[in-house]
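Asks: Here's my sequence, what's the structure:
(one chain, ligands or ions: 2)
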Amino acid sequence: MAGPLPIGEKWPESNQLQPQNSANETFHVYVHVPFCTVRCGYCDFNTYTQQEMPGVALAEFHLALIEEIRFSKSVLDASGLSPSGISSIFFGGGTPSLFASKQIKLILDALQSSFGFAPGCEITMEANPESTTAELLSGVREAGVNRLSVGVQSYDPAVLKVLDRQHNAGNINSALGAAKSLDFRTSLDLIYGAPGESYESWQETISRSLELQTDHVSAYSLIVEPGTKLARQISKGELEAVNEDLNADKYEWATEQLEAAGLPWYEVSNFGEIAQHNLAYWQSKNWWGYGPGAHSHIAGNRFWNQKHPARYQQALEAGSPAAGLERLSERQQLEESLMLGLRTKFGVPRKLLSQLDVDPLKVAEQLSLGYLSLHGDQIAVTKQGRLLVDRLVVDFLQ
Ligand SMILES: C[S@@+](CC[C@H](N)C(=O)[O-])C[C@H]1O[C@@H](n2cnc3c(N)ncnc32)[C@H](O)[C@@H]1O
Ligand code: SF4
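Replies: Ligands and ions are numbered 1, 2, ... in the order given. Here you go, the predicted structure:
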C-alpha cells in the first residue's frame, strides 16, 4: 500500500482476466477504508484526513465500495473465475472503526449476496482504540465481523506521543474489554523501536498486552518510511534514529514472552492463532482488494486501483477503478512463493529452491550457520534466521 503504484499494463477493456495459472485457489477479500482523523507521523499508508479529501464523504464511502463489489462480480463471472464462497475478509486502513456499523453491514451484505461466505469465514476489522466504542463493536459483531485487530502500538504515553497516536492505555483496555465481552477473536498490533522507546518501555507494553488475553499479536519493527514526518524529524536530529541492535533484542525478548504465554511464532512479525487472511497472502491465494489503491491477486494477475479516493470514485463511475495490471510470469510467481513462504514457520518445499536455480552452496551455508533448517521436504528459517529472512531471499535470487 505504501509508496507510488506500479506502472503495469492497462486494465483490459473487455473487463475479463486471463488466468495465468491453473490453480483453483480459495478466494479472500480486502476492503480498504482510506480515512484517518490524524495522520500518524510514521505512516505512509494510502489514507487521508477529511480536510485532505474535500468532496469524498466518509458517510457515503461504502457506496463506492459496494459499486466495486458489483464490478468484481461481473469481471469474475465473465472471466470464468467465479469463486465458490469467500474464505476471509479483512477491513483495513486507514481506520475502519471510523465507519458506522451500518456501513460495514451493507458491505458484508453485498459481498455475501455476490459470492457467499465459505464455512468459518474469518471476518476481521482493524480498529483504532480511540474510535472503538462498545456500540460500534456490538453493531459490527451483529453484522458478521468475528475478529478485531486493535492498533495498540504501545502502552507508553511518551511513545504514543512520538508516534502521533490519539489513544491512551484506558482506550486500549476498554476496546479490548468490549471486544472480549462480545466474543470477538482479538489481535493486537504493536510497534517496537520508536525513538525514545527504552527496553523497559517495550517490556511493559508486552506485559500489559499479554494481560489482555489476546488470541494474536503482530509485533512490527518501526520502519522509517521516506517522506514521512518521522523521517524528517530524524534527519533534522529532532528524534533519534532507530537502534537496530536494541530492536533485535526487543524482538527476541518479545518472542520469548509471547511464546511462553501460548502465542507461538508463525510469521516474522506474527504470533498466536494463525490469521487465515494473512496466510492467504503468504500462500499467494486469490484475493480482491476493494477501495482506493487496493491491490488484487487473481489467478496469477496482479492489479491495483486508483490511489486517491476522489480519482477512485471517478474511475468507478467511468467503468473500472483499476489503474493497472500485471500478468505474473511463472518465475515471478515462484519468486513470490519463496519470498512469502520463507517468512512463515511452514517454510517452502526444497524443490522450490531448485526450480528457482538457487545456488545449493548458498543454501548449504545458511543451513550450517543455523539460519535455515530442514523439516523433511520443507526448508524453513530458524529462530536466529527470522529477522534475516528478507536479506536471505535477496541473496538467493541474485
Ligand atoms: C496502517 S495501520 C491501519 C490500522 C489502524 N489505523 C492502526 O493504526 O492501527 C496497520 C498497522 O500498520 C502499522 N504501521 C503503519 N506504518 C508503519 C511503519 N512505518 N512501521 C511499522 N508499522 C507501521 C500501524 O502501526 C498499524 O499497527
Ligand atoms: S491511524 Fe493507522 S492508518 Fe491512520 S495514519 Fe495512523 S497508523 Fe496510519
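
Asks: Next one, pLDDT for residue 2 please.
Replies: Per-residue confidence at residue 2 stands at 52 (pLDDT).

Asks: I meant to write residue 273 there.
Replies: For residue 273, pLDDT reads 97.

Asks: Once you drop chain neighbours, what's closest to it?
Replies: residue 215 (4.5 Å; Cβ to Cβ, 6 or more residues apart in numbering). Where you see a C-beta, it was placed from the backbone N, CA and C, and this is true even at glycine.

Asks: separation between the one you found and ligand 2?
Replies: Remark: distance between residue 215 and ligand 2 (Cβ to the nearest ligand atom, to the nearest Å) = 21 Å.

Asks: Give me the spatial nearest neighbour of residue 116, chain neighbours excluded.
Replies: Here the residue nearest residue 116, using Cβ to Cβ, 6+ apart, is residue 85, at 4.5 Å.

Asks: I'd like the distance between that neighbour and residue 111.
Replies: Per Cβ to Cβ, to the nearest Å, residue 85 is found 10 Å from residue 111.

Asks: Neighbour count for these two, which is higher?
Replies: residue 111 (25 against 13; other Cβ atoms under 10 Å).

Asks: tell me which residues in stretch 197-204 are buried?
Replies: 197, 201, 202 (16 or more other Cβ atoms under 10 Å).

Asks: go on, stretch 276-293?
Replies: Those buried within stretch 276-293 under the rule 16+ other Cβ under 10 Å are 276-282, 284-293.

Asks: Work out the gap between that stretch and the centre of the chain.
Replies: Distance of stretch 276-293 from the chain centroid (Cα atoms, centre = their mean, to the nearest Å) equals 9 Å.

Asks: what does the protein have sitting close to ligand 1?
Replies: By Cβ under 6 Å from any ligand atom, the residues of the chain that approach ligand 1 are 42-43, 45, 92-93, 95, 126, 128, 151, 153, 189, 191, 220, 222-223, 225.

Asks: Please pick the buried ones from those residues.
Replies: By 16+ other Cβ under 10 Å, the residues of the chain next to ligand 1 give 42-43, 45, 92-93, 95, 126, 128, 151, 153, 189, 191, 222-223, 225 as buried.

Asks: Quick one: mark the members of those that sit in strands.
Replies: Among these, the residues falling in strands (DSSP state E) are 92, 93, 126, 151, 153, 189, 191.

Asks: what pLDDT does the second one get?
Replies: It refers to residue 93. At residue 93, pLDDT is 94.

Asks: looking at it, it is touching residue 47, isn't it?
Replies: Yes: contact criterion Cβ atoms under 8 Å: residue 93 and residue 47 qualify, at 5.9 Å.

Asks: which residues do these two both contact?
Replies: Counting by Cβ atoms under 8 Å, 6 or more residues apart in numbering, the shared contacts of residue 93 and residue 47 are 34, 35, 36.

Asks: so which of the residues you listed comes closest to residue 395?
Replies: residue 34 (36.0 Å; Cβ to Cβ).

Asks: Strands of the stretch 101-250 of the chain, start to end?
Replies: Ranges of strands within the stretch 101-250 of the chain are 117-127, 147-153, 185-192, 216-221, based on DSSP state E, counting those that start in this stretch.

Asks: Understood, closing this out.
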